[in-house]
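# need a structure here:
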Amino acid sequence: MELKKDKPAEKQWHVIYTKSKWEKKVDELLMQKGFISWCPVEKKERYWTDRKKIIDVPLFRSYVFVKMSKEDYPTVLSTMGVVNFLYFEKKPAIIRDAEIEEIKKYLGLSTSSTSIEIVDLTNLPAQTKVSINQGLFMNRRGAVVKASKNNVFVRLESLNMMMIVEFKPHEVSPI
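Predicted coordinates for the structure are as follows:
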């Protein structure tokens, strides 16, 4: 008779909510604890009276992604600077690996002329469906919350967030 072994819990990407301006510190602390953690950042130019400097600014304010299993919840929550998990439909939000890779790919391709901004969708209703014709999001469809001649709003459903990415008008077409 063979003993039944418990299979290791599957690790998935979760979103944790941090104290204000603690994103990079929480990311570092989680990695010190042995977790795969990621705080996406973008380079921004900041000006002071005597100088200007390019700094890394977290892309998602007060959010850090961590790859973990359910058993790791207490350890992650006890990390200094962690407030709670982000919940979606009363469960901790799980982010698909493909979405994480898409954000990483976008950040790797972004240039100084590309801007990205994160907006909470809870106050914005969806209006129009579009297909993206070129670039990183080519052949993807998304719900446009607001459209101008240069902007398309692409929703990341598991976050209940959307990524605002600037496109040229010919790169997007209504479905």
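
# which residues of this structure score low on pLDDT?
1-8, 109-175 (pLDDT under 70).

# for the top helix by length along the chain, buried residues please.
Scanning the chain for the helix with the most residues, using DSSP state H, yields helix 97-109. For helix 97-109, burial by neighbour count (16 or more other C-beta atoms under 10 Å) applies to Glu99, Glu102, Ile103, Tyr106. Bear in mind the C-beta positions are built from the backbone N, C-alpha and C, glycine included.

# what helices or strands is that helix leaning on?
strand 12-18, strand 161-166 (3 or more C-beta pairs under 8 Å, 6 or more residues apart in numbering; DSSP states H and E).

# residues of the longest one that come out buried?
By neighbour count, with 16+ other C-beta under 10 Å as the criterion, the buried positions of strand 12-18 are Gln12, Trp13, His14, Val15, Ile16, Thr18.

# next SSE after that strand?
With elements assigned by DSSP states H and E, the helix or strand that comes after strand 12-18 is helix 23-32.

# could you chop the chain up by domain?
Listed by automatic domain parsing, the domain ranges of the chain are 8-95, 97-175.

# still on that earlier bit, rebuild the buried residues of strand 12-18 as TSV, extending it with distance to Val76.
Converted to TSV, those look like this (distance: C-beta to C-beta, whole Å):
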residue	distance to Val76
Gln12	13
Trp13	12
His14	8
Val15	11
Ile16	6
Thr18	11
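
# for those residues, which one is nearest Ser62?
Thr18 (5.1 Å; C-beta to C-beta).

# quick one, what contacts that closest one?
Val26, Ser62, Tyr63, Val64, Gly81, Val82, Val83 (C-beta atoms under 8 Å, 6 or more residues apart in numbering).

# cool, and Ile100?
Trp13, Trp38, Phe65.

# with Asp97 instead?
Trp13.

# use 29 as the first number for this chain going forward.
Noted, 29 is the first residue going forward, which turns the last one into Asp125.

# please tell me how far it sits from Trp41.
Distance, Asp125 to Trp41, by C-beta to C-beta, to the nearest Å: 7 Å.

# tell me how far the closest residue to Cys67 other than its chain neighbours lies from Lys81.
Excluding the flanking residues, the one nearest Cys67 by C-beta to C-beta, 6 or more residues apart in numbering is Asp55, at 3.8 Å. Note on Asp55: its distance to Lys81, by C-beta to C-beta, is 21 Å.
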